[in-house]
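Chemist: Give the three-dimensional model of this entry:
(one chain, ligands or ions: 2)
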Amino acid sequence: MKLKVENLDFSYAESSVIQDICLHVENGEFVGIIGPNGSGKSTVLKNIYRVLKPDGGAVLLDGENIFKMSSKKTAAVMGVVGQENTIPFDFKVEEIVAMGRSPHKKLFDADTKADREIVADALRETGMEEMAKKSYLQLSGGEKQRVIIARVLAQQTNLLLLDEPTNHLDIHYQLQMFDLIKGLGVTVLAAIHDLNIAALYCDRLYVLKEGRLWASGTPEEILTPSLMTEVYGIHADVIIHPVTNKVSITYLPKSLKERWT
Ligand code: ADP
Ligand code: MG
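Modeler: Numbering: from 1, shown residues only. Ligands and ions are numbered 1, 2, ... in the order given. Okay, the predicted model is just below:
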């Protein structure tokens with residue numbers, strides 16, 4: 001599934017938040033959105049997954065405008081892990097994961113054996129098997145995040161939109177979740193906080209600053225010391241790591257900055 005965003009504009013009330021955002025994700029590509037806090041990453045993603053309605057521009061899935069598609073159809077093709085995932089009632093973990101199947105079913109369809117297997121696989125892959133019967137509201141932040149990822153896995157969509165999907169997870173689960181998602185081979189657009197993680201998993205990156213597209217390219221093209229100074233106002237040393245062959249960033253505290261420059 002191919003995603004294309006054309007000239008997207010959005011304002012909350014009077015204040016313009018994102019301007020003229022153009023991006024595309026090719027079929028099977030893993031693309032990251034990076035940028036400082038408040039640069040508009042979540043707003044761009046919410047305009048794509050229809051929580052917000054663009055003031056201008058278009059979002060196309062395989063060439064079709066998403067606002068002309070039914071919400072059920074978009075849910076069947078687009079899986080979302082938002083930045084805040086509030087569940088209004090106290091469901092069990094396995095019930096929330098089973099909700100991932102609903103876009104593929106009619107309203108009162110019972111779960112089939114295949115549905116139950118898909119849910120069990122998603123629970124196992126996210127390490128939530130033993131907590132399947134637990135109440136969602138009693139989980140830690142990281143466990144909740146894994147449940148939401150399990151639900152999106154059970155949804156089995158060709159496109160995933162992820163907003164800092166692992167920000168509550170320890171490094172073990174961060175890598176496990178990104179390995180898992182990468183292994184699906186589906187089209188992914190993800191806002192990613194951690195630049196080293198973005199460098200490890202993303203084919204390409206878009207950089208947002210103050211609601212505008214600042215740069216785009218491969219992690220090697222984008223994650224340069226000068227970009228990190230311009231966009232984040234920090235100093236960093238960047239190497240191509242000999243084992244991963246990917247960009248690896250070391251952030252420099254003020255005390256080392258002088259020695260380095
Ligand atoms: P990011 O995800 O990159 O941290 P956001 O897209 O969440 O950034 O926010 C972009 C800008 O929009 C910020 O300045 C933020 O304060 C503002 N903003 C976000 N949500 C709202 C809202 N519901 N109402 C008004 N302003 C908002
Ligand atoms: Mg955000």
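
Chemist: Tell me where the model's unsure across this protein.
Modeler: Low-confidence segments of the chain (pLDDT under 70): 257-261.

Chemist: how about the helices of it, start to end?
Modeler: Under the criterion DSSP state H, helices of the chain are mapped to 41-48, 71-77, 93-99, 113-125, 141-155, 171-184, 195-201, 219-222, 225-227, 254-260.

Chemist: Quick check: the closest residue to L153 other than its chain neighbours vs ligand 2, distance?
Modeler: Nearest residue to L153, sequence neighbours excluded (C-beta to C-beta, 6 or more residues apart in numbering): A122, at 4.1 Å. Bear in mind the C-beta positions are built from the backbone N, C-alpha and C, glycine included. Applying C-beta to the ion, to the nearest Å, the value for A122 to ligand 2 is 25 Å.

Chemist: Return the residues of this structure in contact with ligand 2.
Modeler: Taking C-beta under 5 Å from the ion as the measure of proximity, the chain contacts ligand 2 at 41-42, 83.

Chemist: Which strand residues bridge the residue of the stretch 51-200 of the chain found nearest ligand 1?
Modeler: In the stretch 51-200 of the chain, no residue comes nearer to ligand 1 than A191, which is 6.2 Å away by C-beta to the nearest ligand atom. With DSSP bridges applied, A191 shows beta-bridge pairing to I33, D163.

Chemist: check contacts around it.
Modeler: The neighbours of A191, taking C-beta atoms under 8 Å, 6 or more residues apart in numbering as the test, are 32-34, 41-42, 44-45, 83, 162-164.

Chemist: Out of those, which end up buried?
Modeler: Buried subset of the contacts of A191 (neighbour count, 16 or more other C-beta atoms under 10 Å): 32-34, 41-42, 44-45, 162-164.

Chemist: Closest one of these to ligand 2?
Modeler: S42 (3.2 Å; C-beta to the ion).

Chemist: now the closest residue to L23 other than its chain neighbours: how far from S216?
Modeler: In space, and not counting its chain neighbours, L23 is closest to V5: 4.8 Å by C-beta to C-beta, 6+ apart. According to C-beta to C-beta, to the nearest Å, V5 and S216 sit 12 Å apart.
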